[in-house]
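In: got a sequence here, can you model it:
(chains A and B)
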Amino acid sequence: MVEVEHVTKRYGSFTAVDDLSFEVEPGEILGFLGPNGAGKTTTMRILTGYLPATEGRARVAGFDVFDQPIEAKRRTGYLPETPPLYPEMTVGEYLQFVARINGIAAGDRASRVGAAMERTSIADVAGRFCGTLSKGYRQRVGLAQALLHEPDVLILDEPTAGLDPRQIIETRRLITELAGDHTVILSTHILPEVSQTCQRVVIINRGRVVAVDSPDNLTARLQGSQSLYLQVDGGGDDPAPALRDVAGVTGVSAADGRDGVSGFWIEVAPGRDVRREVSRTVVTNGWGLLELRAQQLSLEDIFLQLTTEEADGSEAGGPDGTETAGLDGTEAGGPDGTEAGGPDGTEAGGPDGAEAGGPDGTETGGAQDPGGDDGAEPSDAEERTHG
Amino acid sequence: MANILALAQKELRAYFVSPIAYVLLVFFALLFGWFYVASVNVMVQLSMGQFGMGPQVVNINEFMIRPLLGNTAVILLFLLPMLTMRSFAEEKRSGTMELLLTSPLTDLQIILGKFLGALALYCLMLALTLLHIGLLFWYGEPEWGPIASGYLGLLLMGGAFISVGLAISSMTKNQIVAGVSTFAVLLLFWIINWIGDASGTTSQAVLAYLSILEHFDDFSKGVIDTKHVAYYLSFIAVGLFLTAKSMDQERWNG
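Out: This is a model prediction of the structure:
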């Protein structure tokens, strides 16, 4: 449905997008992930015909965005980073105008506008001026604008930015519903969003594709070297040498430590489960085993790992690579990580919670359905790949 | 065509929702009215023979309407930059340009839509002045021919002003910059032949030809010369072409 072939975009000497290629199948939701300035918005602007590519071709629904822009644009709905609203128009008038410039016949306009407002639940603000709307409504009016003409391809630049948690859930549900009839490309910096809504992820950094895969496969692929977190009360001894002797352990490095209690990252050879041996070693040495858990790579870790590798190949390439990822992981988990660091220490729950579950919990009080949804799905996915 | 009309309507609406349309209409009517009263006074003095020639019949077209329309041209030079300054600049600043450029519209449709929207408001401004002219028919016997040609001249000249304004507005995100630059450029086109006198005859002829108000004179006399019509039409075409170039440039440079 969407084909991007070797697209490059240069601004003077600066290369924003560098030889980018990917494809999106009909009905698929593709997540576009990357740090700020990675070229996400530039790529989307090329796909929507807002910017021409310096090199390469892009096709939407079979139409080249450069050679047949009108045909391609007819089949594309686009929500830019800032919703393009006219402050002096009411929501209804605005959508009427959008319907008109998209060539929707006068007789169909009212019903199309009504349907789009229904879908994005903005019917209650139809008579208000766009300039007076809250960020959440603006975003949804922008979304209504994008899907008004029932395009084959929807391109959404950070569709959930600025929404409150309940609206985020609704928008994600809407996007998931839209897939099937429509092909969706969405960019985001919220990683759990990708694992929840997207079938495939394109991770880009500095204008280049770093990885293209399903969220599950990405996790599995990077699970190659697994690591354990061990917290032990050594009672004055240094447990590191003994741990290194355990069969299957490829490396031990200090993670944290205070008052005789020390934490370690233990690198494990692929495919080995050394938790029994490690715990036995600790116990036979007479140390206190305080915590032992498998450190799973969440999307955050994968993302950080991939993007740091790209940025600094030498450091991440060595055995350090996983270590940095691990450390970054705990950093990302920051506010939550310390709390969840208890005996249970739900691995994926930490960072996810911090991203989306956190605000949910405080907003919706019980947080039963939205919070639960948020936290559970990604960790589910990861357990599957792990098992 | 439907798209152009949709855009033109949107533009016109935007003028009336923001106070721009009202401000322009009110001040244009006020200024025109002022000049009108002044020229009526001159007419009255002339016909009463206060200049020592005794009472006489004065040609109302020659002595009142022609200078009045000439003054109107100068008022427009000051006001029209405010009509066009927001057209592209504001859309670029607020990001709505992204909507237009990713909708199935061609650049030409966008430009013509904006041009027609601005021209429609300008026509409304001119329509207000017809009230005053109508009064002259009530009390006097002006010839309608020179009036019609004068208004055609105003329309063409205003179109030229608007096309310059659009071109400049498409080059910046800042309305004020667009407005001031447009005014400066129009002013320059007005006074361009003032330095012609001292220089050689060829350059004087060229500069005189470029002067934007010079071409209006014949229209206000009642002469529709294709030379002048062609001048204004090509002026408009160049302005719109520059707008298109600037949009294209913007696209490539991001």
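In: got the residues of the stretch 51-200 of chain A near chain B?
Out: Residues of the stretch 51-200 of chain A that fall close to chain B, judged by Cβ under 8 Å from any Cβ of the partner chain: A:51-52, A:70-71, A:73-74, A:76, A:78, A:80, A:82-89, A:93, A:97-98, A:100-103, A:145. In short, each C-beta sits where N, CA and C put it, glycine included.
In: which among those residues count as buried?
Out: A:51-52, A:71, A:73-74, A:76, A:78, A:80, A:82-89, A:93, A:97-98, A:100-102, A:145 (16 or more other Cβ atoms under 10 Å in any protein chain shown).
In: take those and keep only those in strands.
Out: Judged by DSSP state E, those include A:76, A:78 as members of strands.
In: return the subset of the buried ones among the residues of the stretch 51-200 of chain A next to chain B lying in helices.
Out: A:71, A:73-74, A:93, A:97-98, A:100-101, A:145 (DSSP state H).
In: for the closest residue to A:Arg10 other than its chain neighbours, grab phi and psi.
Out: In this structure, A:Arg10 finds its nearest non-sequential neighbour in A:Thr54, 4.7 Å apart by Cβ to Cβ, 6 or more residues apart in numbering or on different chains. With angles defined as degrees, to the nearest 10, A:Thr54 sits at phi -70, psi -40.
In: A:Thr54: neighbour count?
Out: A:Thr54 has 15 neighbouring residues, counting by other Cβ atoms under 10 Å in any protein chain shown.
In: now do the helices in the stretch 151-254 of chain B.
Out: Taking DSSP state H, counting those that start in this stretch, the helices of the stretch 151-254 of chain B run over residues B:175-191, B:201-210, B:216-221, B:226-253.
In: quick one: the last one near chain A?
Out: Yes - counting by Cβ under 8 Å from any Cβ, chain A is contacted by helix B:226-253 at B:251-253.
In: what's the nearest residue in the stretch 51-200 of chain B when you look at chain A?
Out: Relative to chain A, the nearest point of the stretch 51-200 of chain B is B:Leu99 (3.7 Å; Cβ to the nearest Cβ).
In: so for A:Val194, what's the pLDDT?
Out: For A:Val194, the pLDDT comes out at 79.
In: which one of the residues of helix B:226-253 next to chain A has the most neighbours?
Out: The most crowded member of those, judged by other Cβ under 10 Å, is B:Arg251 (15 neighbours).
In: is it true that that residue touches A:Thr54?
Out: No - in this structure B:Arg251 lies outside contact range of A:Thr54 using Cβ atoms under 8 Å: 12.0 Å.
In: make sure A:Leu186 is indeed in a strand.
Out: Yes - checked against DSSP: H, G, I helix; E, B strand; the rest coil, A:Leu186 lies within a strand.
In: next, count neighbours for it.
Out: 26.
In: just want the most central residue of the chain.
Out: No chain in the question, so chain A it is. Residue closest to the mean C-alpha point of chain A, counted by Cα atoms, centre = their mean, is A:Leu191 at 2.7 Å.
In: try again with chain B
Out: Centre-nearest of chain B using Cα atoms, centre = their mean is B:Gly158, 2.0 Å out.
In: that one is in contact with B:Leu79, isn't it?
Out: No - counting by Cβ under 8 Å, B:Leu79 is not a contact partner of B:Gly158; they are 9.8 Å apart.
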